[in-house]
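Participant: Sequence and predicted structure below; questions after.
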Amino acid sequence: MAYDEGVAERLRELFADHPGVTEKKMFGGMAFMYCGHILVGIIGESLMARVGPDEYAAALSRTFVREMDFTGKPMKGYVYVDPAGFESDADLKIWVDRCLDFNASLPAK
């Protein structure tokens, strides 16, 4: 599965101030990692956001968001955001900030 390179470039711009963010091809798309943990990714045109278990229900209540069911069963703490949910740079930054907040709670690998 391919991923949207335009979204990848937008994410790279947002992570310019986060030198520890790395990229890794996975899930048939692209994942951005921070401190050894998945932060966000791109699967096709959708954003994969790791919001964590505490923010999972709130994230799912938002428009253009659905369960991440990559393996056929939902992965709690991860959601897919359709392109309309991060169309503006401000909306994309909101998702990235949510993921950075959760990532900060994880132990470094």
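Facilitator: The structure has been received and is ready for your questions.
Participant: now the helices for this protein?
Facilitator: Assigned by DSSP state H, the chain shows helices spanning 5-14, 56-60, 89-104.
Participant: what pairs with the closest residue to Lys25 other than its chain neighbours across the strands?
Facilitator: Once flanking residues are discounted, Lys25 sits nearest to Ala31: 7.5 Å by C-beta to C-beta, 6 or more residues apart in numbering. (Each C-beta comes from the backbone N, C-alpha and C, glycine too.) Note on Ala31: beta-bridge partners Lys24, Gly41, judged by DSSP bridges.
Participant: right, and the helices of the chain - which one's nearest Lys25?
Facilitator: helix 5-14 (10.6 Å; C-beta to C-beta).
Participant: Pull out the buried positions in the closest one.
Facilitator: 7-8, 10-11, 14 (16 or more other C-beta atoms under 10 Å).
Participant: show me the contacts for the residue nearest to Phe64 when sequence neighbours are not counted.
Facilitator: Counting by C-beta to C-beta, 6+ apart, Gly85 is the residue found nearest to Phe64 once chain neighbours are left out, at 3.1 Å. Contact analysis of Gly85 by C-beta atoms under 8 Å, 6 or more residues apart in numbering lists 47, 62-65, 91, 95.
Participant: how does it look with 10 Å?
Facilitator: Contact analysis of Gly85 by C-beta atoms under 10 Å, 6 or more residues apart in numbering lists 46-47, 49, 62-66, 79, 91-92, 94-95.
Participant: Distance of the closest residue to Asp54 other than its chain neighbours relative to Arg50?
Facilitator: Leaving aside its chain neighbours, Asp54 sits nearest to Phe102 (7.9 Å; criterion: C-beta to C-beta, 6+ apart). Going from Phe102 to Arg50 by C-beta to C-beta, to the nearest Å gives 6 Å.
Participant: next one: Glu13
Facilitator: On the measure of C-beta to C-beta, Glu13 and Arg50 end up 20 Å apart.
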